[in-house]
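> Task: produce atomic coordinates for the following.
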Amino acid sequence: MLLILLIWCYLTVTFYNFGLAFKKLVHIKELDATLTIVLGMFGVTLFASLWAIFGRINYEFQIALVLIQLFVVGKYKSEISSAYSFILKKIKQTDIYLKTFYFLTFVVILIQSAGSASFVDNETYYLQTIQWLNEYGFVPGLANLHMFFGQTSGWHILQSVFSFSYFTNKCNDLNGFCLLLGIAFSIAQLDTYFKKGNLHSLLIGLFATLIVLLLPFSSVPSPDLAVVVISLLLFSFIIRSKEISTLDSIPIIAFLAFFIVYIKISALPILLLPLLYFILYTNKNKHKTKPTLFVGILVLVLFVIKNIILTGYPFYPSSLFAQYFTFENAIPNALYEFWWSTSKNYGFVVPQDQYSTLSTFEILFRWISESWVIRSITLILLSLFILVPFAISRSKNKTAFWIIYVTMIVQIVFLILTAPQFRFLLSFVMFFGLTLLSFVLVKKTPIYLSLYIGLIVASLYIIFPIALGINHNRVDFYPKSFSLSQIVIPKSNCNLRATFSKKTKGNLQYYSPDEHSYIWVTGDGKLPCVNSKQIEYFEKKLGYYPQLRGDSFSEGFYSKKIVKP
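From the prediction side, this is the model:
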């Protein structure tokens, strides 16, 4: 816990320094501390992505990070000092019950982050993705080794910066910091509501009541949590802004949207928000939007380069424009089609042999009627469709709410056309759910009760943890328990109960978990790590198996086709 606390302090300073530098570079004047920190996250992510094209994200990158900060601190020392003084002053003035709640929340998240996590995606590709970034950066054709590695997220790139793999394997704590940042922002908004009565501040402030839903995601580098928190800040900025047409506001909306999409490409429709504001308000001042457009182009270029290196598909997971390019490290079309169809079948819960024979309506009907969970979530979405417009009609900033509402509808359609997993809608569901809740919880006492009851229920998760993921019954986790040693040093990032053995396939020597392990599991095995069952499955079903492109892992991988006699 003490180690994580030190890392969080370092993250706060680093992100604020980079956020300040980012603001200066893109000519943003005033911005609160939380948004400055998020822009700092964005800046470090872009810097690390550029670095990973040429080499590993290891101690060399950390040295460069520190040197840049020394320059920023030297140049803007008085501004940074004033900012910290202002933050301390605001903390002192905050409602005592809210400060107590945040302190207790801080402790709960710290304990959660110091423990081990039973999270399926963490053991299938999060840990390995970060290891590859730490040791080699972007590796050509890495997705040929394991298809999931092609999904390298901007959030995993950022986590790789602060995993400190050259010291320990116990530091994947970026999500805990991100959740604390979101809770701190919501508490500040609640305090504003208590003092000034701003209803939009109440809406955002109630985010703190959702800790019971988000706490399980705080101990692993899941991009989903980052998308929820940053989306909250984005929506908050839009509904709070009194002069949304000013060019000082539009770049911030754009940068937050760019960051969200770079973290999770399934959130692509959120780019509608800055696009609409650009169209509406920048016709006469296009020359002032150059920094924003430059950053947008930079994000697009990094996204394409990353995908080309890892998968050979410029817009992976889409195959858009892939037919016009040929890369030696590209995933074979047979593997790509298998992965894409499997993802859609998995999302719709429809067997592969039936998917192509059913109409869109039949697929949706089967999907909704498949389980009570999907039916319940569908009912929640329908309720939002009906109730939210009434709530919007009572708000002061109707335009902003309607734009977010329309974006949610586009997001739903986008997911139906790709792979419908409800967690990709979590940002919108939470935002509009809080919008409705803000009409019910308006008095101090009920708000306090909601906060503390939510925190108590969330604390039970630490005592009675659950494994997250639809296939958790196929993954063997170690039992989660708290030990005194965690007070100083957190548990390992991996919680997979498995042993690894060295195997050979052609020119590839790799490490595989034992035979009882789930086919996609890799855990924190030594590089390169892939399940031998997966290699055998693709070899028999599709006629391909992974091989090295050269003498070293840095040269990458390709899929070798079996030549039948």
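> Let me see the ranges of the strands in the stretch 301-450 of the chain.
Secondary structure of the stretch 301-450 of the chain (DSSP state E, counting those that start in this stretch): no strands present.
> all helices of it, in order?
If you assign secondary structure with DSSP state H, counting those that start in this stretch, the helices in the stretch 301-450 of the chain sit at 333-348, 352-355, 360-369, 372-393, 398-417, 426-437, 444-463.
> outside of the last one, which residues touch it?
Contacts with helix 444-463, where a contact means Cβ atoms under 8 Å, 6 or more residues apart in numbering, come from 97, 101, 104-105, 108, 111-112, 115, 190, 194, 205-206, 208-212, 215-216, 441, 482. No exception for glycine: its C-beta is placed from N, CA and C like everyone else's.
> Mind checking which of these are in strands?
With strands taken from DSSP state E, there is no overlap with these.
> So for residue 516, which of the helices of the stretch 301-450 of the chain sits nearest?
For those, proximity to residue 516 was assessed by Cβ to Cβ; helix 333-348 is nearest, at 22.2 Å.
> Same question for the helix or strand encompassing residue 35: list its buried residues.
For residue 35, the element it lies in under DSSP states H and E is helix 33-54. Residues of helix 33-54 classed as buried: 33-49, 51-52 (neighbour count, 16 or more other Cβ atoms under 10 Å).
> when you check the contacts of helix 444-463 against the helices, which ones overlap?
Using DSSP state H, the subset of these located in helices is 97, 101, 104-105, 108, 111-112, 190, 194, 205, 211-212.
> Contacts only, for the nearest residue to residue 434 once chain neighbours are set aside.
Setting aside the residues directly before and after it, residue 434 is nearest to residue 206 in space (Cβ to Cβ, 6 or more residues apart in numbering), at 4.8 Å. Taking Cβ under 8 Å, 6+ apart as the definition of contact, the neighbours of residue 206 are 186, 190, 434, 437-438, 441, 447, 450.
> from the ones in helices among the contacts of helix 444-463, which is closest to residue 291?
Looking at the ones in helices among the contacts of helix 444-463 and their distance to residue 291, the nearest is residue 205, at 31.6 Å (Cβ to Cβ).
> What is the burial count for the nearest residue in space to that closest one that is not next to it in sequence?
Once its chain neighbours are removed from consideration, residue 205 has its nearest residue in residue 190; the separation is 3.1 Å (Cβ to Cβ, 6+ apart). Summarising burial for residue 190: neighbours were counted as other Cβ atoms under 10 Å, giving 27.
> Report the contact partners of residue 190.
Residue 190 touches 95, 98, 201-202, 205-206, 208, 447, counting by Cβ under 8 Å, 6+ apart.
> middle-most residue in this protein, spatially?
Of all residues in the chain, the one closest to the mean position by Cα atoms, centre = their mean is residue 223, 1.7 Å from it.
> pLDDT score assigned to the spatially closest residue to residue 56 that is not a sequence neighbour?
Leaving aside its chain neighbours, residue 56 sits nearest to residue 137 (4.9 Å; criterion: Cβ to Cβ, 6+ apart). For residue 137, the model assigns a pLDDT of 96.
> Residue 137 contacts residue 49, correct?
No. The pair residue 137 and residue 49 does not pass the contact test of Cβ atoms under 8 Å, sitting 9.6 Å apart.
> what about residue 21, neighbour count?
Residues within reach of residue 21, counting by other Cβ under 10 Å, total 19.
> Quick check: which element contains it?
Using DSSP H and E, residue 21 maps to helix 2-26.
> Counting by contacts, list what that helix packs against.
Taking 3 or more Cβ pairs under 8 Å, 6 or more residues apart in numbering; DSSP states H and E as contact, the helices and strands that helix 2-26 lies on are helix 33-54, helix 59-75, helix 77-93, helix 96-114, helix 174-196, helix 290-310.
> So which elements touch the second one?
Right, helix 59-75. Under the contact criterion of 3+ Cβ pairs under 8 Å, 6+ apart, the helices and strands touching helix 59-75 comprise helix 2-26, helix 33-54, helix 154-161.
> Off-centre distance for the longest one?
Counting by Cα atoms, centre = their mean, to the nearest Å, helix 2-26 is centred 18 Å from the centre of its parent chain.
> Likewise for the last one?
How far helix 154-161 lies from its chain's middle: 10 Å, per Cα atoms, centre = their mean.
> buried set for it?
Across helix 154-161, burial judged by 16+ other Cβ under 10 Å covers 154-161.
> what does it contact?
For helix 154-161, the external contacting residues (Cβ under 8 Å, 6+ apart) are 41, 44-45, 48-49, 52, 57, 61-62, 65, 126, 129-130, 133-134, 172, 174, 221-223, 226, 259, 262-264.
> related to what we said a few turns ago, out of the contacts of residue 206, who's the most crowded?
Each of the contacts of residue 206 was scored for neighbours by other Cβ under 10 Å, and residue 186 scores highest at 29 neighbours.
> Hmm, residue 207 and that one touching each other?
Yes. Assessed by Cβ under 8 Å, residue 186 is found in contact with residue 207 at 3.9 Å.
> list residues touching both of those two?
Residues touching both residue 186 and residue 207 comprise residue 232, with contact defined as Cβ under 8 Å, 6+ apart.
> hmm, which helix or strand of this structure has the shakiest average pLDDT?
The helix or strand of the chain with the lowest confidence, counting by mean pLDDT, DSSP states H and E, is helix 352-355 at a mean of 52.
> doesn't residue 140 fall inside a helix?
No. Counting by DSSP: H, G, I helix; E, B strand; the rest coil, residue 140 falls outside a helix, being coil.
> That one and residue 340: what is the separation?
Using Cβ to Cβ, to the nearest Å, one gets 21 Å for the distance from residue 140 to residue 340.
> Between those two, point out the one with more neighbours.
More neighbours sit around residue 140 than around the other of residue 140 and residue 340, counting by other Cβ under 10 Å; the figures are 23 against 16.
> Residue 231 and residue 430: what is the separation?
Going from residue 231 to residue 430 by Cβ to Cβ gives 8 Å.
> hmm, back to that, looking at the contacts of residue 190, which is nearest residue 498?
Of all those, residue 498 sits closest to residue 208, with 37.3 Å by Cβ to Cβ.
> quick one, what contacts the closest residue in space to that closest one that isn't next to it in sequence?
Distances taken as Cβ to Cβ, 6+ apart put residue 186 closest to residue 208, at 4.4 Å, once the chain neighbours are dropped. When contacts are counted by Cβ under 8 Å, 6+ apart, residue 186 touches 204-208, 232.
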